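> Okay, here's the prediction I keep looking at, along with the sequence it came from:
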Amino acid sequence: MDMRFPEGFLWGGAVAANQCEGAYDEDGKGLSIQDVLPHGLKGPVTDAPTPDNMKLVGIDFYHRYKEDIKLFSQMGFKVFRTSIAWSRIFPNGDEEIPNEKGLQFYDDLFDECLKYGMEPLITISHYETPLQLARNYNGWADRSMIGFYEKYVRTLFSRYGGKVKYWLTFNEINSVLHSPFMSGGICIPKDELSEQELYQAVHHELVASALAAKLAHEMMPQAKVGCMILSMPVYPLTPAPDDVIATLKIEHQNDFFGDVHVRGRYPGYMLRYFKEKGITIQMKPEDEEILQNTVDFISFSYYMSVCGSADPNQKAGLGNIIGGVPNPYLHASEWGWQIDPKGLRYVLNRFYDRYQKPLFIVENGLGAVDELVDDGNGSFTVWDDYRIQYLRDHLIQVREAIEDGIPVMGYTAWGCIDLVSASSAELKKRYGFIYVDRKDDGSGTLNRYNKKSFGWYRDVIQTNGKSL
Ligand code: BGP
């Protein structure tokens with residue numbers, strides 16, 4: 001098979017503002033929920049930022065973005081995915097006037113990308129709800145969030161419409177079911193939160209997402225808007241029909257989000273679920289119509305697959321926010337995430353069979369402990385052959401899916417530069433092609449070093465996949 005990818009394939013990398021920018025209180029930025037998460041995510045949120053919170057400094061991307069974008073350009077990135085920190089634009093989330101310094105920062109960042117011919121791919125909300133919206137309104141549990149989000153989105157579209165073509169409405173929108181605080185700013189502890197409240201919050205996000213698609217199409221005719229879904233294929237643990245149906249039900253929990261974004265209405269299996277659970281979603285008369293503003297493409301993260309089983313004794317293993325029963329045929333990463341390259345081909349096929357929309361892989365990668373070593377000539381590097389292996393195996397499956405006839409728009413490797421992990425809030429779980437000298441005790445120069453994978457990815461991009 002010719003390993004070359006289609007012409008114009010958008011190769012690149014992805015980060016999120018809260019995991020790399022740092023500068024948590026600079027230039028008028030307000031606090032976000034990330035600024036009060038405890039170190040290592042162990043324990044309740046803190047009242048105020050504490051110095052052991054790795055996100056406060058991150059990798060100092062806020063001050064070093066020029067150096068970093070230059071390094072990305074040396075790898076030949078065609079696209080760079082990042083998010084906008086909502087609390088830089090509206091520090092409390094609900095003020096009238098946006099913060100000009102925050103707006104200026106992203107103007108400068110996007111200009112820097114465009115200077116190197118790199119398209120910005122922007123996540124509007126990536127686990128960064130302004131803290132005051134969480135504290136005062138309970139985040140997405142409250143309908144007023146739709147209005148605050150709308151205002152934020154209008155501000156972004158009118159300011160950056162000429163610079164940003166690709167927009168994602170919410171990072172991993174389905175994760176709010178599993179991580180209501182981080183994903184939705186909902187302050188009620190998870191075990192006290194009812195499904196009624198949770199699905200009401202989901203409804204608010206879905207309406208907000210559709211509203212963003214509507215506004216984008218009205219305000220920026222050139223723009224393409226995507227939903228962003230945490231994808232995780234679920235295979236039946238056995239061929240027993242009960243396991244197959246149990247698997248279908250787990251899949252439906254995720255399909256629900258893509259279905260609404262693409263079909264513009266609630267699917268029957270969800271209406272049945274709500275009925276059986278006694279859940280009544282409060283809707284405004286206009287909601288049905290708003291939901292019909294569907295997305296142009298589907299983007300997703302992919303790290304692992306899981307199994308589904310009807311047996312309640314099967315225990316869920318570790319995973320990317322959503323866990324699941326481990327697959328006996330797969331090996332796991334150091335963090336217990338089961339590595340399954342073929343699952344990526346499967347997921348691409350499944351999304352396309354279901355929706356016939358272009359697909360964008362906006363997160364994929366291996367989180368690992370890296371060791372920076374002296375190469376003997378006074379320079380330092382990381383020999384991350386394990387990361388190259390992981391990425392190569394997954395990209396081969398992307399190529400297979402393209403061969404299956406799937407329109408894949410692009411691929412942005414997650415954490416293209418080391419950053420603070422979302423699930424563990426630590427820096428020792430590294431994904432990057434670029435090593436950042438910062439440790440979890442806060443020490444380090446913040447200097448950047450290219451890993452072995454840096455040159456490997458540069459060659460992959462340069463040859464459009466042929467060198468894989
Ligand atoms: C996704 C998030 C990212 C990212 C990634 C890797 O769930 O969208 O923000 O961090 O997973 O996860 P982690 O950082 O927990 O290894």
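Nice, I can see it.

> any idea how far Ile461 is from Glu7?
13 Å (Cβ to Cβ, to the nearest Å). The way it works is simple: take the backbone N, C-alpha and C, and place the C-beta from them, glycine included.

> Residue numbers of the stretch 51-200 of the chain in contact with the ligand?
The stretch 51-200 of the chain comes close to the ligand at residues Asn171, Glu172, as judged by Cβ under 6 Å from any ligand atom.

> where do the helices sit along the stretch 51-200 of the chain?
61-75, 86-89, 100-115, 131-137, 144-160, 180-184, 195-219 (DSSP state H, counting those that start in this stretch).

> Settle it for me: which of Ile461 and Glu7 has more neighbours?
Ile461 (19 against 6; other Cβ atoms under 10 Å).

> Tell me how many other residues crowd the residue lying closest to the more buried one once chain neighbours are set aside.
Leaving aside its chain neighbours, Ile461 sits nearest to Gly76 (3.9 Å; criterion: Cβ to Cβ, 6 or more residues apart in numbering). The local packing of Gly76 (other Cβ under 10 Å) involves 19 other residues.

> Phe157 too?
With other Cβ under 10 Å as criterion, Phe157 counts 19.

> which ones are touching it?
Leu215, Ala216, Met219, Met220, Ala223 (Cβ atoms under 8 Å, 6 or more residues apart in numbering).

> Serialize those to JSON lines and add fields for neighbour count, distance to Gly376 and pLDDT.
As requested, these are arranged in JSON lines below (neighbours: other Cβ atoms under 10 Å; distance: Cβ to Cβ, whole Å; pLDDT from 0 to 100):
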{"residue": "Leu215", "neighbour count": "19", "distance to Gly376": "56", "pLDDT": "98"}
{"residue": "Ala216", "neighbour count": "25", "distance to Gly376": "52", "pLDDT": "98"}
{"residue": "Met219", "neighbour count": "14", "distance to Gly376": "55", "pLDDT": "98"}
{"residue": "Met220", "neighbour count": "18", "distance to Gly376": "52", "pLDDT": "98"}
{"residue": "Ala223", "neighbour count": "18", "distance to Gly376": "49", "pLDDT": "98"}
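
> Tell me which two in those residues are the farthest apart.
Leu215 and Ala223 (9.7 Å; Cβ to Cβ).

> Of the helices of the stretch 51-200 of the chain, which is nearest Met228?
Judging those by Cβ to Cβ, what sits closest to Met228 is helix 195-219, at 9.5 Å.

> by how many degrees do that closest one and helix 144-160 diverge?
20 degrees (axes from the mean of the first three to the mean of the last three Cα atoms, to 10 degrees).

> which helices and strands does helix 195-219 pack with?
helix 144-160, helix 180-184, strand 224-231, helix 241-263, helix 287-291 (3 or more Cβ pairs under 8 Å, 6 or more residues apart in numbering; DSSP states H and E).

> which stretches of the stretch 351-468 of the chain form helices?
Using DSSP H, counting those that start in this stretch, helices in the stretch 351-468 of the chain cover 385-403, 452-462.

> closest to the ligand out of the ones you listed?
Across the helices of the stretch 351-468 of the chain, the ligand has its closest neighbour in helix 385-403 (13.0 Å, Cβ to the nearest ligand atom).

> Turn the helices of the stretch 351-468 of the chain into JSON lines, columns for mean pLDDT and distance to the ligand.
Formatted as JSON lines, the helices of the stretch 351-468 of the chain follow (pLDDT from 0 to 100; distance: least, Cβ to the nearest ligand atom, whole Å):
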{"stretch": "helix 385-403", "mean pLDDT": "98", "distance to the ligand": "13"}
{"stretch": "helix 452-462", "mean pLDDT": "98", "distance to the ligand": "16"}
